[in-house]
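Enquirer: my questions concern the predicted model and sequence given below.
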Amino acid sequence: MALAATRRTNVRLPPEVNRILYVRNLPYKITAEEIYDIFGKYGPIRQVRVGTNPETKGTAFVVYEDIFDAKNACDHLSGFNVCNRYLVVLYYQSTKLYQKVDAEKKQAQLDAAKKKYGVEGAK
């Protein structure tokens, strides 16, 4: 076991790899316990968040204790068939979320500046 732990410390992972997985294309009726059963085979899980509102139904976040367990689960479960639906398992990237918010904020600032200076956009 100690040999495996020392081998893990020498491995360099890509920057997008983290211990939070974003899972899409889940069956709407799936429960957190079923997700624990599926993803728990690859290592200890800290948290599972299942989408409940109409925009997030069919999605979940799975947080692992260890980054290597998350990588192993992502590699093995992406494309896994659950109730005739193939899972899409991705690493959670918060920067993509903030890019969208930043773009909307910049557009609002641009619209405010256009209104302030009386400039019409080319439409």
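Expert: Cool, the structure landed. Numbering: from 1, shown residues only.
Enquirer: touching, residue 66 and residue 43? I think so.
Expert: Yes. Counting by C-beta atoms under 8 Å, residue 43 is a contact partner of residue 66 at 5.7 Å. The C-beta positions use only the backbone N, C-alpha and C, and glycine is treated the same way.
Enquirer: hey, what's in contact with both of those two?
Expert: Both residue 66 and residue 43 lack any common contact, where contact means C-beta atoms under 8 Å, 6 or more residues apart in numbering.
Enquirer: between these two, who's got more neighbours?
Expert: When residue 66 and residue 43 are compared for neighbours, residue 43 comes out ahead with 17 against 14, by other C-beta atoms under 10 Å.
Enquirer: for the more buried one, which non-adjacent residue is spatially closest?
Expert: Leaving aside its sequence neighbours, residue 43 sits nearest to residue 69 (C-beta to C-beta, 6 or more residues apart in numbering; 2.6 Å).
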